[in-house]
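> Just a sequence and a predicted model for now, questions to come.
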Amino acid sequence: MRKLKLLTTTTAFAVIAALSGAAQAAECDNKTWNKVMNRGKIVVGVKADYKPWGYRSADGKLVGMEIDMAKDVAAKMGVDVEMVPVQSSNRMQFLEQGKIDLMIATMSDRADRRKIVGIVGPNYYTSGTNLLAPDALKLTKWEQLRGKPVCGKQGAFYNQNVEKRYGAKVVAFTGNAEAKQALRDKKCIGFVYDDSSIMADLASGNWKGFGMPMPTEDDNPWALAVPKAEQNCVFGRFMSGMQYNWHRDGTLVDLEKKWGIQSTAFLGKQNEKFSDWIK
Amino acid sequence: MIEIIQQFFREIADSYPTWNFIFFYDELQWSKIVGGLWMTVKLSVVCVILSVVIGVAGAAMQGSPNKVLRKIVAGYIQFFRNTPPFVQLLFFYFALGQFTPTYSPDGWLEIPIISNVGWAIISLSFFAGAFNVEIFRAGIEAVPHSTQEAASALGFKRLQIYRYIVFPLALRVSIPALNNNLVNLVKTTTQAFVIAVPELLYQSITIWNDYPSAQNPMMVVLFISYLTLVGFVVIGMNRWDRSMRIPGYGG
């Protein structure tokens, strides 16, 4: 009997301890931030197939605008940096599972995504949806896609919009390379993708006879993300500060130039908005 | 009733942000799952049938006195058994796809006569078929030579011996191994994802890309679906195995 009493009391205490522990977990424990600082290295998830934001150079290194941003983050934290290539369809899971500490991977800022990962403002970039299509087809309106096969990439939020609004048949491949190959093989009449990336492709000179004929739709800001638990803690606040300063001192405008991206009105406006009143 | 269920899952999604069973209250997502499941079932059934046919024909050709025919079958097995189905799918769709006849509905598009679904069926059937040939060959080799000689003495010709004596006995020996391979084939249909065949995995990933909050529920759907599908295959094969049993023959 006594033993039973002891058992129930210990169990009760254990439960109370567990419950109070759960209550505390809602506050900041800065686990990821501390891990990065103790380890002396930050692991950043970036794209490896999204020229010129994140791609592999001729010697196999990951380079690009977002890689430069990640390096700057590491420099300001005073730690080393390791880049891990991620895909649109696994980038949030990598962050959730702690495989990466920070994600800067051309991700559009969507309400549903905010529930899963810690997205902090101000957004560092924006892009809209457009179509890489052959000039020969003389496409001008999205409505012309009805019932036609259109190549896409798994993980892009606008695939569904193009299907719903215009009745296009989106054939979504796992990677950009497959989708573009299918377009070159004439298996679809266009590749629905980010306008900024399409512009970069067209500028590369590898797409003679192709253009970007549609009016850009769904202009959507991009977001970097920290683990959800760190959103309103040190890491999240720090990344807000990083982005704010990138806008304020014109780093992003410069990076855009460096990587040969057609300058967007968005970055100019943000730079103006955040710029220092003392020149 | 349906509204109550939908309301229930909406509330779950509100209180548990990673358990958004969106397909229970969003018609478009529901139709994606149903479409994906149907495509997976179609792929599985067609590939299972074709691969068994290929296996039977291949094993028969292996026993042929014609050396060239035997070499062809051996080459086929080496190629399909020793390369990953993933690579085969990419190779068939992107490389061979360029050489197949196409038609053009609008003067620019070149729609190949063999669609991505067609290539998936061809590739997966031949992949599993290569294994089936070996499985049936093992079964055939298990039939005692004396049995064949006895049939020969009774006046049966080579093909007749294969059809009436060797194959029926070999089939019974082969069923357990065949069972394994067909289960594998059903699971391998997910790899058709790589050439954008809209089967269950493709649709599931599409849904959780559009709604990251629906990832866990989609995983559950995937597991349950494949457990059920494979369950049907196993139950069917076991029934078949039992109905074919000859008292005193085999294990």
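Thanks, I have it.
> domains for chain A, by residue range?
A:32-126+A:221-262, A:127-219 (automatic domain parsing).
> first vs last residue of the first one, how far apart are they?
Going back to what we said before, that points to domain A:32-126+A:221-262. Length of domain A:32-126+A:221-262, first residue to last, CA to CA, to the nearest Å: 35 Å.
> And for stretch B:59-66?
Using CA to CA, the end-to-end distance of stretch B:59-66 comes to 13 Å.
> name the element residue B:138 belongs to?
Secondary structure from DSSP states H and E places residue B:138 in helix B:116-141.
> Tell me the buried residues in that helix?
Within helix B:116-141, the residues that count as buried by 16 or more other CB atoms under 10 Å in any protein chain shown are B:116-137, B:139-140. Every C-beta, even on glycine, is put in place using the N, C-alpha and C of the backbone.
> can you give me the strands for the chain?
You didn't pick a chain, so chain A it is. Counting by DSSP state E, chain A has strands at residues A:41-47, A:49-50, A:54-56, A:62-63, A:80-86, A:102-108, A:118-119, A:125-134, A:149-153, A:169-173, A:191-194, A:210-211, A:217-226.
> Correction: the question concerned chain B.
Secondary structure of chain B (DSSP E): strands at B:102-103, B:111-112.
> Note down every partner strand of the last one and its orientation.
Based on DSSP bridges, the strands next to strand B:111-112 in the sheet, each with its direction, are strand B:102-103 (antiparallel).
> Any chance you could list what contacts the strand it pairs with?
Counting by CB atoms under 8 Å, 6 or more residues apart in numbering or on different chains, strand B:102-103 makes contact with A:186, B:110-113, all of which sit outside it.
> where does it sit relative to the chain's centre, distance-wise?
27 Å (CA atoms, centre = their mean, to the nearest Å).
> Just give me the residue closest to the centre of chain B.
Among the residues of chain B, residue B:185 comes closest to the average C-alpha position under CA atoms, centre = their mean, at 3.7 Å.
> List the contacts of the residue lying closest to it once chain neighbours are set aside.
Nearest residue to residue B:185, sequence neighbours excluded (CB to CB, 6 or more residues apart in numbering or on different chains): residue B:128, at 4.1 Å. Taking CB under 8 Å, 6+ apart, we find residue B:128 in contact with B:47-48, B:51, B:181-182, B:184-185, B:188.
> distance of the most centrally placed residue in chain A from residue A:113?
Central residue of chain A (CA atoms, centre = their mean): residue A:107, 2.2 Å from the mean position. Residue A:107 sits 7 Å away from residue A:113, going by CB to CB, to the nearest Å.
> Can you pull the residues that touch both of these two?
The overlap between the contact sets of residue A:107 and residue A:113 (CB under 8 Å, 6+ apart) consists of A:92, A:223, A:225.
> and the second one, how far is that from residue B:106?
Applying CB to CB, one obtains 38 Å for the distance of residue A:223 from residue B:106.
> what residues are up against the residue nearest to the centre of chain B?
Residue B:185 sits next to B:44, B:47-48, B:51, B:124, B:127-128 when contact means CB under 8 Å, 6+ apart.
> Which of these sits closest to chain A?
Of all these, residue B:124 has the smallest distance to chain A: 17.5 Å, by CB to the nearest CB.
> Leaving out sequence neighbours, find the closest residue to the closest one.
Counting by CB to CB, 6+ apart, the nearest residue to residue B:124 once its immediate chain neighbours are dropped is residue B:47, at 4.6 Å.
> And residue A:39, by the same measure?
Per CB to CB, 6+ apart, closest to residue A:39 is residue A:79, 7.6 Å.
> residues in contact with residue 67?
I'll assume chain A. A:46, A:54, A:83.
> Actually, chain B is the one I wanted.
Residue B:67 makes contact with no residue, according to CB under 8 Å, 6+ apart.
> now it: how far from chain A?
Distance, residue B:67 to chain A, using CB to the nearest CB, to the nearest Å: 39 Å.
> what do you get for residue B:4?
Distance of residue B:4 to chain A, given as CB to the nearest CB: 24 Å.
> and if you look at residue B:28?
7 Å.
> Now for that residue, how many residues are close by?
13 (other CB atoms under 10 Å in any protein chain shown).
> surely it meets residue A:164?
Yes - using CB atoms under 8 Å, residue B:28 is in contact with residue A:164, at 7.3 Å.
> low pLDDT regions in the chain?
Chain wasn't specified; assuming chain A. Scanning chain A for pLDDT under 70 picks out the ranges A:1-26.
> Not quite, go with chain B.
For chain B, applying pLDDT under 70 flags the ranges B:250-251.
> Contact partners for residue B:86?
B:191, B:194.
> buried subset of the contacts of strand B:102-103?
Here, 16+ other CB under 10 Å leaves A:186, B:112 buried among the contacts of strand B:102-103.
> could I get the contacts of strand B:102-103 as JSON lines with distance to residue B:102?
Formatted as JSON lines, the contacts of strand B:102-103 follow (distance: CB to CB, whole Å):
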{"residue": "A:186", "distance to residue B:102": "8"}
{"residue": "B:110", "distance to residue B:102": "4"}
{"residue": "B:111", "distance to residue B:102": "6"}
{"residue": "B:112", "distance to residue B:102": "5"}
{"residue": "B:113", "distance to residue B:102": "7"}
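> from the contacts of strand B:102-103, which single one is nearest residue B:56?
residue B:113 (27.1 Å; CB to CB).
> For the longest helix seen in chain B, name the packing helices and strands.
Ranked by number of residues, the top helix in chain B under DSSP state H is helix B:27-62. Helices and strands touching helix B:27-62, by 3 or more CB pairs under 8 Å, 6 or more residues apart in numbering or on different chains; DSSP states H and E, are helix B:67-81, helix B:116-141, helix B:167-188, helix B:200-210, helix B:215-243.
> Please repeat the previous calculation with a cut-off of 10 Å.
helix A:158-166, helix B:67-81, helix B:116-141, helix B:167-188, helix B:200-210, helix B:215-243 (3 or more CB pairs under 10 Å, 6 or more residues apart in numbering or on different chains; DSSP states H and E).
> what's the first-to-last distance across stretch B:192-207?
17 Å.
> From residue A:103, how far off is the residue nearest to residue A:39?
Using CB to CB, we find residue A:79 at a distance of 17 Å from residue A:103.
> So for these two, which sits in the more crowded spot?
Taking neighbours as other CB under 10 Å, residue A:79 and residue A:103 compare with residue A:103 leading, 28 against 17.
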